[in-house]
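Trainee: Sequence plus the predicted model coming up.
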Amino acid sequence: MDDQHTMQQQARLRDKILDSLGRAERALFTRPAPKSPRAQMKFLRTRAKGSTQAVAERLGVSRSTVERYLSGASRRPQKRLQAALVEETEAQWQPQVRAQARQRAATTGGLVISCRAYFGFGPEGTSDAGRMRDISAAVSPAHADRILAAQEGGATDDDLHELVADAYFRRDGGGRAGVHVEFKDVEWLNIKF
């Protein structure tokens, strides 16, 4: 039971980290992404080099459904399709802007991570004892590079969890090197490039 609860917490943390990275990337867009289902379908078809079958597979619908939206015969997608359209469009929108921001964060700029979560690394009764804290920290380019590379590589829950904790407490040199940090029960998490 306890292992299952821990796994659920890690899954929620991973979702929050990935959602926050997605929001940070969307904030960099220089133009708004297509909003209407037809415009989103056209954009996705362009990105799929004209293949309506590839778009259908990515969205989990039939090819005829994609063609109906492209022709304008259908205009109001069900919630699941609408969510998939938004997610796929934003994931593929302005790839150069996204790549430049990631490169800058990994080489010179780093990231800024803010969150409210349970942090602790000291014994009870000290100021370092675990408790809910609001923390904002500039993350070095080296840590930003590890976090972004892990996200792109499909990192496990534990990998992302440890990388964010490492970024806050700089375990690999300086700060509180070698200290075990508890980082859990994340209420909110924001990342900025």
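Mentor: Everything's here; your move.

Trainee: how close does the residue sitting furthest away from the middle of the chain get to residue 134?
Mentor: Largest separation from the mean C-alpha position in the chain: residue 125, at 35.2 Å (CA atoms, centre = their mean). Residue 125 sits 21 Å away from residue 134, going by CB to CB, to the nearest Å. In short, each C-beta sits where N, CA and C put it, glycine included.

Trainee: Going by the annotation, which residue ranges form each domain of this protein?
Mentor: Following automatic domain parsing, the chain resolves into domains at 2-28+98-192, 37-93.

Trainee: Once you drop chain neighbours, what's closest to residue 17?
Mentor: residue 160 (5.1 Å; CB to CB, 6 or more residues apart in numbering).

Trainee: swap in residue 42?
Mentor: residue 70 (6.5 Å).

Trainee: what's the distance between the one you found and residue 60?
Mentor: Noted for residue 70: a distance of 17 Å to residue 60, by CB to CB.

Trainee: More neighbours: which of those two?
Mentor: Taking other CB atoms under 10 Å, residue 70 and residue 60 do not tie; residue 70 has more neighbours (17 against 10).

Trainee: quick one: the more buried one is in a helix?
Mentor: Yes. Residue 70 sits within a helix when classified using DSSP: H, G, I helix; E, B strand; the rest coil.

Trainee: Make TSV out of the domains of the chain and add mean pLDDT.
Mentor: Output for these, formatted as TSV (pLDDT from 0 to 100):
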stretch	mean pLDDT
domain 2-28+98-192	77
domain 37-93	94
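
Trainee: Can you verify the residue nearest to residue 17 is assigned to a helix?
Mentor: Yes. Counting by three-state DSSP, residue 160 falls inside a helix.

Trainee: which SS class is the closest residue to residue 105 other than its chain neighbours?
Mentor: Distances taken as CB to CB, 6+ apart place residue 144 nearest to residue 105, at 4.4 Å, with adjacent residues excluded. What three-state DSSP gives for residue 144 is helix.
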